[in-house]
Structure formats: structure tokens, C-alpha cells
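*Asks:* Got a predicted structure here, sequence first:
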Amino acid sequence: MGRYFQWYFGDKKYSGKRDTNKLPFRIKKHQSVLLKKLGESDMQLQINKATNLKIAVNNIDGILIHPGETFSFCKLVGLPTKRKGYLLGMELTFGEARAGIGGGICQISNLIHWLVIHSSLTVTERHHHSFDPFPDDGRVLPFGSGATVFYNYLDYQFKNNTTHTFQINLWFTDKCLEGELRIDSELDYAYHVMEKEHQFLKIDGQFFRKNEIWRDKILKYKSGEIVNTELITKNFARVTYTPDNYVDDNKNQSAY
């Protein structure tokens, strides 16, 4: 009830207007593969996930985030149900990967978060998975740079505290979900996001993964001069597979 009260009776103003016309300037673009190799996982869940993504995207594509507004993933997408056409897809819940209606739509929130941290938008609610279930397979983004959602307990929200209007556009190609963040006027700065201190650890017989996500603010028209560097987040999560390289913390030595 608390979430619904915030959405409909709280003092936040939430984004709700969508526009098929794109704002003139692009801040960041990214794409993520629809079907991934996940070992022995049911490929049908991956195929179903693509259907789930297309339904959810229809509620977000073209959304405008005006000054003072807050973007809420769960408010825009709503509860995934069979009645809406959602299928069983893979979701990560309570420390395990399992099938669930609407599973896989976190791929959208992951992509959006990556776009947002390349901008001056302010993330106000973000959650990440407490474990890492699959080895990297063509991963291009740093570990822990996504945002998980679970209606309506875990939401992904960010606020526009600037004087600019932003827009999120999402679409599909044959193999990928693609997205971009656009803005109403060109900026003279940009952001570069990077990973630091990545490491696999073995502690008391269990594997863990840690890293840090940092970003530089760069002046675009002054030869990429860095004017600010900040830590975005630190990640530490249990790993449910055996990594190829790790540090055995009990022995304080690397294992290969």
C-alpha cells in the first residue's frame, strides 16, 4: 500500500507523458542481446523473455522526463500478468534463478540505468541482485551496473533535477534490445563510466565478486578535460558458479 500511496497521493510528480517525436540531441545509446547463452537454462524462457520485453517496452518508449519529474519503472510498466500477455521468463528471486510471469524485464531497467548514469539525472531508487548466477558471456557492461525491479517492492526511479527535458527511446532489432537517452538542448559535457577494483574472491568455501563503478565528467569541447570524478557504487555479491580466476581470501593467494 505504501508504494501506491506514494504514486498517487505523494508529493512526487511522476513522468507519464510519451511522445513519438524524438528530442533533438542524443546523450547515450546502448544495446543488449536478447538471447544469451545461459548454460543449461531453458531456452524457451529466453524466447518468452523477448515477448515480455516487447510488452513492457510499449509502456516506456518515448517517455519524457520533464524538470522536477521522477521516472518510476514499476509505475509505468505495471504488474506483469498473463492477462496482459506476459509469459514465463527467467527471474532472479530469493537467491535463485527460476521461471516467473514477466521474467526478464529487468533487462530494460538495466539498460535504462546504464543510460541514466551517463547523464545528470539523479538516481533515487535502485536495487541490484544479491548474487551472480551465470559466468560472463560477452558481457560488455561492468558487473553490478544494472538495476533489478520486482513489482512493486523493488522499483527503479530517477529524478530530473535539471532544467532540461529528457526522453527514453527503446526499440528492437533482430538480436538486440536497443535504447537511447535524449535531451532537448545540447550540453557541453558528457560522462565516462568505468569499472575499478574488480575481483573474484573465495571466502569460507563460497565465491564472491566485487568491484567499483566510477564516472568522469568530461568537457566535450576542451579536449575531454576531466572536471570531476565520482564513485557511483560499490558491489559485493555471492557467485553461484566457480570462476576461472579468483583470490582465496583464507589463503591470501590467487588460484588459477
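*Replies:* Done, it's in.
*Asks:* And Leu177, what's its pLDDT?
*Replies:* For Leu177, the pLDDT comes out at 97.
*Asks:* Same check on Phe236?
*Replies:* With respect to pLDDT, Phe236 has a value of 93.
*Asks:* Once you drop chain neighbours, what's closest to it?
*Replies:* Using CB to CB, 6 or more residues apart in numbering and skipping residues adjacent in sequence, the residue nearest Phe236 is Lys210, 4.6 Å away. Using the backbone N, CA and C atoms, a C-beta is placed for each residue, glycine as well.
*Asks:* Please apply the same query to Asp136.
*Replies:* Spatial nearest neighbour of Asp136, excluding adjacent residues (CB to CB, 6+ apart): Phe143 at 7.8 Å.
*Asks:* Equivalent analysis for Asn160, please.
*Replies:* For Asn160, ignoring the flanking residues on the chain, the nearest one in space by CB to CB, 6+ apart is Ile65 at 4.7 Å.
*Asks:* Who are the contact partners of that neighbour?
*Replies:* 15, 71, 121, 158, 160, 165-168 (CB atoms under 8 Å, 6 or more residues apart in numbering).
*Asks:* again, 10 Å this time
*Replies:* 14-15, 17, 71, 116, 121, 158-160, 162, 164-168, 181, 183 (CB atoms under 10 Å, 6 or more residues apart in numbering).
*Asks:* returning to what we had before: run a quick check on the residue nearest to Phe236 versus Tyr246, I expect a contact.
*Replies:* No - here Lys210 does not reach Tyr246: they are 11.1 Å apart, not a contact under CB atoms under 10 Å.
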